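Novice: Need coordinates for the below:
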Amino acid sequence: MVVVNCCYRNPFTSQLTPVSNGSGFIVREDGIILTNAHVVGNNTTVRVKLNDGRSFDGYVQAVDPVSDLATVKINAVRVFNSSFTMFR
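Specialist: So this is what the prediction gives:
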């Protein structure tokens with residue numbers, strides 16, 4: 001499971017401030033994350049934090065408001081830790 005944060009950049013300080021967050025799941029080894037559409041809202045980028053503490057910029061790929069699902073792509077190497085097994 002991952003945490004997906006939607007952030008606002010303060011125009012005066014340029015710091016990112018989280019305004020909403022939700023959870024998601026890594027569904028592919030290439031960094032595709034499945035989350036809820038209401039989590040990403042109208043954002044095109046989000047901040048994703050993995051269970052191991054690493055954080056990445058995420059790019060919203062697709063949003064389906066009817067099913068309330070969205071996909072986010074992160075550019076990460078080794079998104080799964082060694083104890084995670086993918087079922088095929």
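Novice: For the residue nearest to Gln61 when sequence neighbours are not counted, name its beta-bridge partners.
Specialist: Spatial nearest neighbour of Gln61, excluding adjacent residues (Cβ to Cβ, 6 or more residues apart in numbering): Thr71 at 4.4 Å. From N, CA and C alone the C-beta is placed, and that goes for glycine too. Here Thr71 shows beta-bridge partners Leu34, Ala62, assigned using DSSP bridges.
Novice: for this protein, what are the low-confidence residue spans?
Specialist: Residues of the chain meeting the criterion pLDDT under 70: 80-88.
Novice: How much space separates the residue lying farthest from the centre of the chain from Gly41?
Specialist: Distance from the centre of the chain peaks at Phe12, with 25.8 Å (Cα atoms, centre = their mean). When distance is defined by Cβ to Cβ, to the nearest Å, Phe12 is 23 Å away from Gly41.
Novice: before we move on, the earlier item: from Arg28, how far off is the residue farthest from the centre of the chain?
Specialist: Distance from Phe12 to Arg28, by Cβ to Cβ: 38 Å.
Novice: And the strands in the protein, which stretches?
Specialist: Shown for the chain, the strands assigned by DSSP state E span residues 2-9, 16-26, 32-35, 45-49, 55-64, 69-74.
Novice: For those, could you give me TSV that also reports mean neighbour count?
Specialist: Putting those into TSV (neighbours: other Cβ atoms under 10 Å) gives the following:
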stretch	mean neighbour count
strand 2-9	18
strand 16-26	14
strand 32-35	20
strand 45-49	19
strand 55-64	17
strand 69-74	21
